[in-house]
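Novice: Here is a sequence with its predicted model. Questions after.
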Amino acid sequence: MSRSSELACKPPPQVAVLSNTSNSAMSIPLAQTTGESSLTSKALSNAIPSGRLTRSFQRWEEDKIQGVKYHQRSHVFELTCLRQQQQSHISDITTLDIGKEFISLDVFLRVMSITSNSLTKASFYVVYDIPPTSDLRLQNLAKINMPRLISLHMRLVNTYIHSGYFPPITFDVLRDMCIEWSDSSHPYQWDLRTHVNLLSSASATLQQLILADLPFYAAPGPTLHQPLLRPRVSSNDLHTLLSTLPNLQRLGLPVSVRVPEPILTSIASGSLLPDLKDIGLATAKDPQSILSMIQFRNGLSLRRVSPISALRLTLPKTPTTSVTIEARVEDLGLRKGYHLLLLQACKVCEGQCHFEGVEELPEGFGGSSKGLDFLKALNRAF
């Protein structure tokens, strides 16, 4: 099996899930293919052997994708060969799901450019260190505007090979964005400034943002199982990202990103993310500060601040976690419910290395004094 194909089959960490929810709003769905025109990874995988997807896609301009089923406008074309089709046919695609098949960065950019005027919903799996199929000069690429794209799900792998680079793509009406990310040489080290640059054009329209850690095989190094040695995600970058997207209604952050108390305070008061209703966070320590933030915000009587109605909380699994935490979350009375995800310890280091900056874990998270102090500080401040 090739290195790249291994990336697609690495199992996620085992979790136990405790939930009490009236709907599935807090799950992280993969992009689904609906709409008039679609090209799906299922159709591609049936026709193209794994690992040949890039080779097939690189010749889109010459219409040599073989064995692809796709919908164009109100008609369905089932073709064994697209050699006779014009590029204009491909440019009419409105829904594209190749989120389970890896492609290179240049292929991704080419596909976005070809479908820029029609695409409304898309899912991609982009591996940055797949060799480009052509001479790729990233800094000289023209901007790609997506005037109709509403929903985008991207799996991005090994982006540090082009550190600091973000695709020159702008969005006019983007509402939903999901980014799953991993890097074998820089495990769990999110570059949020890149996402600020990418999403700034969607500042007024984006309502849902999900960032998640993508399972991966890490290169040997000292930081994989020692979170305290990893560079922390900048609080300023996180605050800038959230400030850039003031209309978010649903937010999910990765397990490897910890939200500091100053940002929790801003969310609690509604000065940050006033429209937020659903939130997904992770913490390796006492989660009472997160619960206090929700309690304070939901007690506000300001019309401009939406109450939190759904919570997705990820914690390390300990013998008493479910007993001590579930009762506290239940007391919040969240209208749409909650999901508690309890992550088991890493099988290699037997610690919680996927959380950011893990130090000693309080046994069972029994103490809540820190969270109570945080709540008192909120009440004094506001």
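Specialist: Thanks, I have it.
Novice: low-scoring pLDDT stretches of the stretch 1-150 of the chain, where are they?
Specialist: For the stretch 1-150 of the chain, applying pLDDT under 70 flags the ranges 1-89, 133-140.
Novice: Repeat the analysis, applying 90 as the threshold.
Specialist: Where the stretch 1-150 of the chain drops to pLDDT under 90, the residues are 1-93, 98-107, 110-111, 128-142.
Novice: for Ile169, what are its contacts?
Specialist: Contact analysis of Ile169 by C-beta atoms under 8 Å, 6 or more residues apart in numbering lists 112, 143-146, 198. Where C-beta positions appear, they are placed from N, C-alpha and C, glycine not excepted.
Novice: Compare the residues you listed and tell me which is most surrounded.
Specialist: Met146 (24 neighbours; other C-beta atoms under 10 Å).
Novice: OK, contacts around that one?
Specialist: Residues near Met146 by C-beta under 8 Å, 6+ apart: 112, 116, 119, 169-172, 174.
Novice: Quick check: the two most widely separated of the contacts of Ile169?
Specialist: Greatest spatial distance in the contacts of Ile169: Asn145 and Leu198, 13.3 Å, computed using C-beta to C-beta.
Novice: related to what we said a few turns ago, in strands, which of the contacts of Ile169 appear?
Specialist: 144-146 (DSSP state E).
Novice: Helices of the stretch 151-300 of the chain, residue ranges please.
Specialist: For the stretch 151-300 of the chain, helices defined by DSSP state H, counting those that start in this stretch occupy the ranges 192-199, 235-244, 261-269, 288-298.
Novice: could you redo those helices as a markdown table and give each row mean pLDDT and distance to Ser123?
Specialist: Below are the helices of the stretch 151-300 of the chain laid out as a markdown table (pLDDT from 0 to 100; distance: least, C-beta to C-beta, whole Å):
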| stretch | mean pLDDT | distance to Ser123 |
| --- | --- | --- |
| helix 192-199 | 92 | 16 |
| helix 235-244 | 94 | 22 |
| helix 261-269 | 94 | 29 |
| helix 288-298 | 95 | 30 |
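Novice: for those, which one ends up most surrounded?
Specialist: Highest mean neighbour count among the helices of the stretch 151-300 of the chain (mean count of other C-beta atoms under 10 Å): helix 288-298, with a mean of 22.
Novice: any idea how far Ala327 is from Leu281?
Specialist: 19 Å (C-beta to C-beta, to the nearest Å).
Novice: how is this protein carved up into domains?
Specialist: Here the domain parsing of the chain from the TED database is 65-174, 212-361.
Novice: Which stretch among those domains approaches Pro187 most closely?
Specialist: The closest of the domains of the chain to Pro187 is domain 212-361. By C-beta to C-beta, the value is 4.9 Å.
Novice: Scan the protein for its longest strand.
Specialist: strand 95-103.
Novice: Okay, now the sheet partners of it, with direction.
Specialist: Using DSSP bridges, the strands paired with strand 95-103 in its sheet are strand 38-40 (parallel), strand 121-127 (parallel).
Novice: Could you dump the ones you listed into TSV with distance to Ile210 added?
Specialist: Shown next, in TSV, are these (distance: least, C-beta to C-beta, whole Å):
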stretch	distance to Ile210
strand 38-40	21
strand 121-127	13
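Novice: quick revisit: just the C-alpha atoms of the longest strand of the chain, please, in CSV.
Specialist: This file holds the C-alpha atoms of strand 95-103, laid out as CSV (Å, rounded to 0.1, in the frame of the first residue of the first chain):
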residue,chain,number,x,y,z
THR,A,95,-22.3,19.2,-6.9
LEU,A,96,-18.9,17.5,-6.7
ASP,A,97,-18.0,14.9,-4.0
ILE,A,98,-14.5,13.5,-4.2
GLY,A,99,-13.8,13.8,-0.5
LYS,A,100,-12.8,10.1,-0.2
GLU,A,101,-10.2,10.1,-3.0
PHE,A,102,-6.9,12.0,-2.7
ILE,A,103,-5.8,14.5,-5.3
